[in-house]
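*Asks:* Give me the fold of what follows.
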Amino acid sequence: MLQPQPQATPAAHQAHGLDIRGIPLFTDNYAWLLQDRATGTIAVVDPGDSAPVEAALAPYGGRLDLILLTHHHADHIGGAQALRALTGAKLAGPAADQHRLPQLDIPLTDGENIAIGDSAGTVIATPGHTLGHICYFFNDPAALFCGDTLFSLGCGRLFEGTATQLFDSLHRLSALPPETLVYCGHEYTLSNASFALAVDPDNPALLQRVNDVRRLRAQSQPTIPSTLALERATNPFLRAPDSQTLAALRARKDTF
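*Replies:* Next up is the predicted model:
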């Protein structure tokens, strides 16, 4: 059973940057609650279910200003309409997926800016898992909300895109600063670790990571966020040298 990260209290408005909190959904999903410290503005990323998000918003008086969607799958968007109706929040998501998302107030394309109060973010198009998938990168702290494109020790299945697209998408993300915190959409790290060990058994950084992951999950603690530096060192999909290798790894993982 997923356990939430320690709950943030409503931000004192004298600081800058984002406070970030994980909201467990279903059996292994995360939505992410973000509050801009300077303005108190609140956003949520990928609210697949509205009730847990509503509960997480209670310490903030139920305030929600912005809903950010990464892609169209139901476990990432299922609570968006109800939350917008309840709070009046604006809904932002990939313009390429407007035909299969709730009606967007802010359709987004690659390279566009998105702000949560004073916290500046950038949209990164990452086709592969789905064709319209986007990620959100914020600067303070350096944080990546990557949905189902990049997982800790893994990556998303190729439901719509090609291995070449996913390879290019992963390497766009890998080019972000190494200290970037990786906030993905699922608690898959422990299951991904078994596959990573099978394909990269002599990697000392991976061996240490797997030990850490097993300890955390034994204590019902989250393994997310990871960092890009850690993923570069241990994630077999980020370490793939070309799209052909990535395709072979993904096919093998699909039946692992």
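*Asks:* Quick check: which helices or strands does the helix or strand hosting residue 217 pack against?
*Replies:* Per DSSP states H and E, residue 217 falls inside helix 204-218. Counting contacts by 3 or more CB pairs under 8 Å, 6 or more residues apart in numbering; DSSP states H and E, helix 204-218 is packed against helix 189-199, helix 228-234. Where you see a C-beta, it was placed from the backbone N, CA and C, and this is true even at glycine.
*Asks:* Hmm, residue 19 and residue 32 touching each other?
*Replies:* No - applying CB atoms under 8 Å, one finds residue 32 not in contact with residue 19, separated by 10.8 Å.
*Asks:* Neighbour count for the two, which is higher?
*Replies:* Applying other CB atoms under 10 Å to residue 32 and residue 19 shows that residue 32 carries more neighbours, namely 24 against 18.
*Asks:* beta partners of the more buried one?
*Replies:* residue 22, residue 45 (DSSP bridges).
*Asks:* Show the contacting residues for it.
*Replies:* By CB atoms under 8 Å, 6 or more residues apart in numbering, residue 32 lies in contact with 20, 21, 22, 23, 44, 45, 46, 145, 183.
*Asks:* From residue 154, how far out is the second one?
*Replies:* With distances defined as CB to CB, to the nearest Å, the gap from residue 21 to residue 154 amounts to 23 Å.
*Asks:* Which of the contacts of residue 32 ranks first by neighbour count?
*Replies:* In those, the most neighbours by other CB under 10 Å go to residue 46, 30 neighbours.
*Asks:* Was I right to think it contacts residue 72?
*Replies:* No - between residue 46 and residue 72 there is no contact under CB under 8 Å: 10.8 Å.
*Asks:* Need the overlap of contacts for those two.
*Replies:* With CB under 8 Å, 6+ apart as the test, residue 46 and residue 72 reach no residue in common.
*Asks:* Tell me how many other residues crowd residue 157.
*Replies:* By other CB under 10 Å, the residues close to residue 157 number 14.
*Asks:* Could you check how far it is from residue 240?
*Replies:* In terms of CB to CB, residue 157 sits 15 Å off from residue 240.
*Asks:* check contacts around residue 162.
*Replies:* Taking CB under 8 Å, 6+ apart, one finds 128, 243 in contact with residue 162.
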